[in-house]
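Novice: Output the structure for:
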Amino acid sequence: MFWTKRVLLALPLFSSISAWFKTAQAASKRRFMDIKDLRGTVIDVIARKPGVTSAVPDASDPAKIVAHVNGHTYTIDLTNLFNRMRAYTHEDPDRLIAEFTAMIGESGSPSEANLVAVLRDKTYVDQISKMGSGMLAEPYVGGLSIVYMMDMPGSMSPVSSKAFEGKNLAELRGIALDNVRKWLGRITSDDPLKVVTLYFVEGNTMLSPSLILLDEFWASIADRYPGDVLIALPRRDQLFIFRDDAEGRMYARRMIDVTFHDDFNLLSNQIFARRNGKIVTAGG
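Specialist: Numbering: from 1, shown residues only. Okay, the predicted model is just below:
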């Protein structure tokens, strides 16, 4: 097997599923009263980064910052970051801000060595496409797309289809999935209930949903989940596998609903399934 395993106590009736991912003790850390308070701090951090000539509040939206970086103008939305801080109060806000701003001013050229495949929803794809960057992506299933990104130490950044001239999509898909395969040894699993298991990639959690693209991943969990399964991908850093039965479907829907209530890093509110080796939507 590829992964390490940590077993947690079952949560009665899944009444607090989001607590699954929280530490037992919350440290005393500074808090932001509202998103405008957070915005001021993030602007200070961004303004100190290389290549940034200005970072100012967006006059039309208190959740957004307009930054000029290396000759380009970016609108940065803090909604996701703020909602994460509200939902996961034990996490260090300074670390979250550092991670959030890591890619700003970051230099680096796309290369085959750091090309990976990640799953993103239609809203993300549409937003990036409007920027006119010619993002390298392809439709997958249930409103999700496979988006090809540059995997940097502190961030993931979409790449242009022009970045790999001379390579067709099938070749780039193979390269990207090979790079994801390099993380198979870092898979961790949590299974507090017999009906569901959380899988994530330790050290690169944004690759967790990408595991469903790998035959090797499915082969590695065949003893735990022989045959068909249900899949939930509520967040960009989570992969949940459930038994393909009524109980599994019930828990999948509850898991998705609770995660969407937290409202950050959201990916899909659909239930998927793997049936006869193919990923499909499962309704419900």
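Novice: Break down the protein into its strands, ranges please.
Specialist: Under the criterion DSSP state E, strands of the chain are mapped to 4-6, 52-57, 64-69, 72-77, 115-121, 137-139, 144-151, 156-158, 187-193, 196-201, 229-232, 239-243, 271-275, 278-281.
Novice: Let me have the ones you listed in CSV, extended by distance to Asp94, mean pLDDT and mean neighbour count.
Specialist: For glycine as for every other residue, the C-beta is placed from the backbone atoms N, C-alpha and C. Converted to CSV, the strands of the chain look like this (distance: least, C-beta to C-beta, whole Å; pLDDT from 0 to 100; neighbours: other C-beta atoms under 10 Å):
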stretch, distance to Asp94, mean pLDDT, mean neighbour count
strand 4-6, 26, 40, 11
strand 52-57, 17, 93, 15
strand 64-69, 17, 89, 19
strand 72-77, 17, 81, 13
strand 115-121, 26, 96, 23
strand 137-139, 33, 95, 15
strand 144-151, 24, 94, 22
strand 156-158, 21, 82, 18
strand 187-193, 25, 86, 18
strand 196-201, 23, 94, 22
strand 229-232, 31, 98, 25
strand 239-243, 28, 96, 25
strand 271-275, 36, 97, 19
strand 278-281, 38, 97, 14
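Novice: want to throw those strands into JSON lines with distance to Phe260?
Specialist: Compiled in JSON lines, the strands of the chain are given as follows (distance: least, C-beta to C-beta, whole Å):
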{"stretch": "strand 4-6", "distance to Phe260": "25"}
{"stretch": "strand 52-57", "distance to Phe260": "28"}
{"stretch": "strand 64-69", "distance to Phe260": "22"}
{"stretch": "strand 72-77", "distance to Phe260": "18"}
{"stretch": "strand 115-121", "distance to Phe260": "12"}
{"stretch": "strand 137-139", "distance to Phe260": "23"}
{"stretch": "strand 144-151", "distance to Phe260": "15"}
{"stretch": "strand 156-158", "distance to Phe260": "22"}
{"stretch": "strand 187-193", "distance to Phe260": "20"}
{"stretch": "strand 196-201", "distance to Phe260": "16"}
{"stretch": "strand 229-232", "distance to Phe260": "11"}
{"stretch": "strand 239-243", "distance to Phe260": "13"}
{"stretch": "strand 271-275", "distance to Phe260": "13"}
{"stretch": "strand 278-281", "distance to Phe260": "17"}
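Novice: Out of the ones you listed, the one nearest Asp178 is which?
Specialist: Among the strands of the chain, strand 115-121 comes nearest to Asp178, with 9.2 Å by C-beta to C-beta.
Novice: Could you tell me the angle between the closest one and strand 239-243?
Specialist: Strand 115-121 runs at 70 degrees relative to strand 239-243, counting by axes from the mean of the first three to the mean of the last three C-alpha atoms, to 10 degrees.
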